[in-house]
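J.: what's the 3D shape of this:
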Amino acid sequence: MEFDPQYLAQAPHLVVFTGAGVSAESGIPTFRDALSGLWEHFDPAQLATPQAFRANPALVWGWYEWRRRKMLQAQPNPAHLAIAELARRVPRLTLITQNVDDLHERAGSPSVLHLHGSLHTPQCFACNRPFKGKLPCPDLPEQGGSLEPPRCSGCNGKIRPGVVWFGESLPQAILKAAFQAADDCDLLLSVGTSGLVQPAAQIPQRALQQGARVVHINPQPQECRAPQEYSLTGPAGQLLPQLVQRAFA
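T.: All right, here's what the predicted structure looks like:
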């Protein structure tokens with residue numbers, strides 16, 4: 001069954017759930033993309049742990065600052081802009097993302113639930129105090145390099161990236177808000193995410209279980225098992241603007 005864009009215009013509460021595919025369309029490498037230079041010698045999963053930071057904080061901080069610079073160089077794409085436009089059009093929109101960049105905010109989305117944290121909100125590794133200083137954007141070589149992390153103004157501990165590492169729990173307040181939105185929504189757009197990473201993968205399923213329509217937007221088709229589930233195949237940067245235009249024409 002084909003998805004009717006009018007469902008967008010008619011939804012009292014719309015949830016948009018985004019993953020790495022949306023940022024990839026802005027040129028940001030996904031976590032598992034092939035790396036270059038210094039970083040091609042490392043498995044990203046081995047750098048994204050508390051143990052790795054304890055063992056070599058300069059290496060891990062350098063890797064994340066290299067990633068953050070890539071994100072700052074990127075620009076919001078038409079998918080980000082279409083989501084921000086939806087927030088202005090529908091009665092209520094909850095935006096949930098697995099991405100750690102700020103492209104949704106830069107596109108104009110007013111409020112974002114960051115399930116996996118953000119590279120722009122670092123914190124102290126020792127006391128968890130948010131880092132209040134201004135993070136410079138270091139002129140790291142393109143191939144990457146080690147970089148000593150700044151220090152906490154409270155306890156002098158080392159500052160870590162504000163992202164969720166392997167072995168760590170998602171921020172419980174944000175996860176609870178995401179689940180509540182999925183349980184309460186009338187329509188959920190799942191954009192640029194495989195829906196395999198737990199517990200985030202529960203978000204579309206919870207919406208389905210509560211009777212909401214769920215639309216998967218991905219370059220690869222998604223198997224739909226419920227009558228109110230739809231798969232739209234193609235780049236989000238093309239499909240989302242088309243949906244918005246058709247819904248509010």
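J.: in the lowest-mean-pLDDT helix or strand in the chain, what counts as buried?
T.: Of all helical and strand segments in the chain, the minimum by mean pLDDT, DSSP states H and E falls on helix 44-47, at a mean of 81. Buried residues in helix 44-47, counted by 16 or more other Cβ atoms under 10 Å: P44, L47. In short, each C-beta sits where N, CA and C put it, glycine included.
J.: which other helices and strands contact that helix?
T.: Counting contacts by 3 or more Cβ pairs under 8 Å, 6 or more residues apart in numbering; DSSP states H and E, helix 44-47 is packed against helix 57-73.
J.: repeat that with 10 Å
T.: Here helix 44-47 touches helix 50-55, helix 57-73, going by 3 or more Cβ pairs under 10 Å, 6 or more residues apart in numbering; DSSP states H and E.
J.: helices or strands up against the longest one?
T.: Meaning helix 57-73. Looks like helix 57-73 contacts helix 44-47, helix 50-55, helix 103-107, strand 159-160 (3+ Cβ pairs under 10 Å, 6+ apart).
J.: closest one to A24 among the ones you listed?
T.: helix 103-107 (10.9 Å; Cβ to Cβ).
J.: Report the mean per-residue pLDDT for the closest one.
T.: Taken as a whole, helix 103-107 has an average pLDDT of 97.
J.: Look up how far A55 lies from A82.
T.: 42 Å (Cβ to Cβ, to the nearest Å).
J.: List the buried residues for the helix or strand where I96 lies?
T.: Using DSSP states H and E, I96 falls within strand 93-97. Residues L93, T94, L95, I96, T97 are the ones in strand 93-97 that count as buried (16+ other Cβ under 10 Å).
J.: So the fourth one sits against L170, correct?
T.: No: distance between I96 and L170: 11.2 Å, which falls outside the contact criterion (Cβ atoms under 10 Å).
J.: Excluding covalently adjacent residues, which one is nearest to G162?
T.: T121 (3.9 Å; Cβ to Cβ, 6 or more residues apart in numbering).
J.: That neighbour - how many residues pack around it?
T.: Counted by other Cβ atoms under 10 Å, the residues lying close to T121 total 15.
J.: Wait, it touches P130, no?
T.: Yes: applying Cβ under 10 Å, one finds T121 in contact with P130, separated by 6.6 Å.
J.: between those two, what contacts are shared?
T.: Residues touching both T121 and P130 by Cβ atoms under 10 Å, 6 or more residues apart in numbering: G162.
J.: Show the contacting residues for the nearest residue to Y230 once chain neighbours are set aside.
T.: Of all residues not flanking Y230 in the chain, F3 sits nearest, at 4.1 Å (Cβ to Cβ, 6+ apart). Counting by Cβ under 10 Å, 6+ apart, F3 touches L187, L189, R213, V215, H216, I217, Q228, E229, Y230, S231, L232, L243.
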